[in-house]
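[1] fold the following.
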Amino acid sequence: MLTITNEAEQAIRGILEASNAPDGSVLRIAPQPAQQDGPGAGPGLVVSVTDAPPPDDQVVEGDQVEVSVEPSAAVMLDDKELDATVVGGQVNFSIGDQAE
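    You can find the predicted model right below:
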């Protein structure tokens with residue numbers, strides 16, 4: 001199952017607070033349609049804020065946040081870790097292998 005670093009948790013909390021999302025809102029990870037050419041060509045993932053996790057999504061719980069993962073994305077992210085860096089107020093999420 002996807003894990004969440006402390007840095008990602010802090011970034012997610014900041015995003016949810018800044019978006020004025022209602023209580024119970026979560027960050028959601030879902031597949032993005034494949035781009036045909038150019039930078040980032042191929043399938044990817046998109047992150048969004050949603051009021052509640054869809055019923056079929058996998059919910060990953062951190063210490064103080066939850067991340068909703070669309071089922072086909074959950075398969076891709078099963079052994080991965082969600083991390084984040086914040087540079088100049090811009091959040092950059094990254095997916096890497098889980099620390100052992």
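[2] can you tell me how far the most centrally placed residue in the chain sits from residue 88?
    Nearest to the mean C-alpha position of the chain, by Cα atoms, centre = their mean, lies residue 29 at 4.5 Å. As judged by Cβ to Cβ, to the nearest Å, residue 29 and residue 88 stand 23 Å apart. The way it works is simple: take the backbone N, C-alpha and C, and place the C-beta from them, glycine included.
[3] which SSE is immediately downstream of the longest helix seen in the chain?
    Counting residues, the longest helix in the chain under DSSP state H turns out to be helix 6-18. Downstream of helix 6-18, the next assigned helix or strand under DSSP states H and E is strand 26-35.
[4] returning to what we had before: what's next to the longest helix of the chain, contact-wise?
    Residues outside helix 6-18 that contact it (Cβ atoms under 8 Å, 6 or more residues apart in numbering): 4, 25-27, 49, 62-65, 67, 82-86, 91, 93.
[5] kindly report the same for stretch 58-75.
    Contacts of stretch 58-75 (Cβ under 8 Å, 6+ apart): 1-4, 6, 8-9, 12-13, 16, 26-31, 45, 50, 53-54, 56-57, 77, 82.
[6] just the buried ones from the residues you listed, in PyMOL syntax?
    The PyMOL selection below is limited to those of the contacts of stretch 58-75 classed as buried (16 or more other Cβ atoms under 10 Å):
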select buried, resi 2+3+4+8+9+12+16+26+27+28+29+30+53+57+77+82
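[7] and stretch 79-97, which residues are buried?
    Here stretch 79-97 shows 81-84, 91, 93 as buried, counting by 16+ other Cβ under 10 Å.
[8] chain center to it: distance?
    Distance of stretch 79-97 from the chain centroid (Cα atoms, centre = their mean, to the nearest Å) equals 9 Å.
[9] avg pLDDT for the longest helix of the chain?
    When pLDDT is averaged over helix 6-18, the result is 93.
[10] with just CA atoms, put it into CSV.
    Output of helix 6-18 as CSV, limited to C-alpha atoms (Å, rounded to 0.1, in the frame of the first residue of the first chain):
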residue,chain,number,x,y,z
ASN,A,6,5.9,13.5,6.9
GLU,A,7,6.8,16.1,4.2
ALA,A,8,3.9,15.0,2.1
GLU,A,9,1.5,15.1,5.0
GLN,A,10,2.5,18.7,5.8
ALA,A,11,2.0,19.6,2.2
ILE,A,12,-1.4,17.9,2.0
ARG,A,13,-2.5,19.7,5.1
GLY,A,14,-1.4,23.0,3.6
ILE,A,15,-3.3,22.3,0.4
LEU,A,16,-6.5,21.4,2.2
GLU,A,17,-6.3,24.4,4.4
ALA,A,18,-5.6,26.8,1.5
